[in-house]
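1. model the structure of this input:
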Amino acid sequence: MSDTALNIDAEMTAAPDETEALQQVRPVPRISVQAFCETQAIASTIERMSEDRRMSKAQTRVYMGGLGAAVEFYQTAPTPNLIFLEITCGRDELMARLNELADVCDPSSRVVIIGHHNDIALYRELIRAGISEYMVAPVTIADLMGTISGLFVDPEAEPLGRSIAFVGAKGGVGASTIAHNVSWAISTLFENEVVVVDMDLPFGTANINFDQDPAQGIAEAVFSPERLDEVYLDRLLANCAEHLSLLAAPSMLDRAYDFDTDAFANLIDIAQRTAPAVVLDVPHGWSGWTKATLTHADEVVVVAAPELANLRNTKNLIDTLGALRPNDSPARVVINQVGVPKRPEISVNDFCDPLEIEPAAVIPFDPQLFGNAANSGRMLAETDAGSAVVATLGELAHLVTGRMVSAPKHKPGLKAILARLKKS
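-> Prediction:
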């Protein structure tokens with residue numbers, strides 16, 4: 001039996017409430033999932049689920065034909081870890097066909113039925129018969145992934161930390177500086193443990209910004225993956241503050257830093273088990289591993305300066321990541337270095353209009369504040385705690401950790417102009 005081709009609209013994305021629910025779902029482990037559907041709606045939902053970043057380790061196949069097709073298929077094929085069955089038939093036919101499925105199904109396989117009748121008696125009978133779960137259509141991606149997580153993720157496991165990836169739309173826009181200062185804000189404002197991962201191995205600046213010179217760091221973790229576990233990672237971390245640790249880059253050119261697509265995946269997974277927040281300082285560039293890192297992060301922040309090349313690159317990043325992360329919120333945008341003297345700039349409104357989003361933060365050009373902090377190896381909050389920039393970065397820390405929702409920002413209009421006239 002062959003797969004049924006499913007044409008999914010590329011613009012179909014999760015609703016805001018579903019996106020929020022998905023944030024609570026843990027990544028699915030390396031399992032095999034097969035679904036046998038009777039309606040295009042359920043098939044499309046499962047296909048969309050299979051493309052979610054939290055399902056990247058699972059192998060998911062979708063077939064049409066429902067229970068009858070499943071019985072026929074498994075007469076000659078091995079059964080997976082999990083089978084989704086959509087059923088529209090009556091109770092008697094369902095129970096008879098389930099007995100046929102049991103004859104060809106491995107006892108260790110889990111079976112989840114998606115039905116179209118909210119029947120508690122049927123639910124109880126199915127559970128007694130060994131069915132893992134009965135779900136009532138329509139179902140959402142969050143419903144499906146929550147069910148999978150409940151079946152295959154250890155409920156006693158520690159919750160995973162939130163991964164927050166910062167990347168510059170262009171080199172030199174200050175993405176690393178913003179990432180490091182937001183990390184500091186998270187650790188001090190919320191007293192949460194934060195791990196900063198400097199992923200720019202040849203040219204990383206986290207060690208300078210945090211005034212650290214560790215003997216080991218991210219290179220040892222990446223080049224010795226067989227040794228990497230939570231204990232070894234803890235040895236590689238440099239303590240920067242009471243709640244902040246750094247996995248520093250060597251910042252040396254003694255070797256070439258070429259990596260496979262999944263070179264950092266295990267490292268990030270382990271880091272997320274050790275701290276509530278993992279800040280990924282991703283270098284500007286586009287390779288297999290940077291693409292994978294940004295795709296699988298819980299939150300992505302693009303830092304850009306207000307000029308044309310930055311706008312083009314930011315648009316490309318947002319559109320590409322939107323397609324790669326269809327069930328996540330769009331990447332956030334921070335517009336940095338606004339108001340450089342004598343530099344022609346694109347206004348914040350004109351920069352954001354083609355992106356169709358509001359900026360998460362607008363950071364003014366302040367060479368004295370940033371320069372003093374950089375040259376002394378200190379954070380902005382240590383240099384001038386009362387600065388408006390520090391307050392803005394504190395708000396950004398709230399946003400990327402999910403502690404508050406960004407308020408809509410209205411473009412200046414007639415009311416704003418009249419308000420200014422009244423003040424003058």
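2. and the gap between N209 and V195?
-> Using Cβ to Cβ, to the nearest Å, we find N209 at a distance of 15 Å from V195. In this view, the C-beta of every residue, glycine as well, is placed from N, C-alpha and C.
3. before we move on, what about G371?
-> Where V195 is concerned, G371 sits at a distance of 27 Å (Cβ to Cβ).
4. neighbour count: those two, which is higher?
-> V195 (25 against 11; other Cβ atoms under 10 Å).
5. so what strands line up beside the helix or strand harbouring the more buried one?
-> Element membership for V195, per DSSP states H and E: strand 194-198. According to DSSP bridges, strand 194-198 forms sheet pairs with strand 244-247 (parallel), strand 277-282 (parallel).
6. as JSON lines, those with mean pLDDT and distance to Y134 would be great.
-> Conversion of the strands paired with strand 194-198 to JSON lines gives the following (pLDDT from 0 to 100; distance: least, Cβ to Cβ, whole Å):
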{"stretch": "strand 244-247", "mean pLDDT": "96", "distance to Y134": "45"}
{"stretch": "strand 277-282", "mean pLDDT": "97", "distance to Y134": "37"}
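7. so for E100, which of the ones you listed sits nearest?
-> For the strands paired with strand 194-198, the distance to E100 is smallest for strand 277-282, at 47.7 Å, taking Cβ to Cβ.
8. what's the closest one in contact with?
-> The contact list for strand 277-282 (Cβ atoms under 8 Å, 6 or more residues apart in numbering) reads 161-167, 175-176, 179-180, 182-183, 186-187, 192-200, 204, 206, 268, 271-272, 290, 293-294, 297, 401.
9. tell me the pLDDT at the residue nearest to the spatial centre of the chain?
-> Nearest to the geometric centre of the chain sits D298, at 2.3 Å (Cα atoms, centre = their mean). Note for D298: predicted pLDDT of 94.
10. kindly report the same for D350.
-> Residue-level confidence at D350 comes out at 96, pLDDT.
11. ok, P16 next?
-> We have a pLDDT of 64 for P16.
12. isn't T274 up against V197?
-> No: counting by Cβ atoms under 8 Å, T274 sits too far from V197 to count as a contact (11.3 Å).
13. so for the two, which residue has more residues nearby?
-> Taking other Cβ under 10 Å, T274 and V197 do not tie; V197 has more neighbours (29 against 16).
14. ok, for that one, nearest residue in space, not its chain neighbours?
-> L247 (4.7 Å; Cβ to Cβ, 6 or more residues apart in numbering).
15. what residues does T274 make contact with?
-> Neighbouring residues of T274 by Cβ under 8 Å, 6+ apart: 161, 193, 195, 230, 233-234.
16. my guess is it is in a strand, correct?
-> No: with DSSP: H, G, I helix; E, B strand; the rest coil as the criterion, T274 is coil rather than part of a strand.
17. list the buried residues in the helix or strand encompassing A271.
-> Counting by DSSP H and E, the element that carries A271 is helix 265-272. For helix 265-272, burial by neighbour count (16 or more other Cβ atoms under 10 Å) applies to 265, 267-268, 270-272.
18. and those, which is closest to I131?
-> For the buried residues of helix 265-272, the nearest to I131 is Q272 (32.7 Å; Cβ to Cβ).
19. after the helix or strand in which D17 is found, next one along is what?
-> Secondary-structure assignment from DSSP H and E places D17 in helix 16-22. Next helix or strand after helix 16-22 toward the C-terminus (DSSP H and E): strand 32-37.
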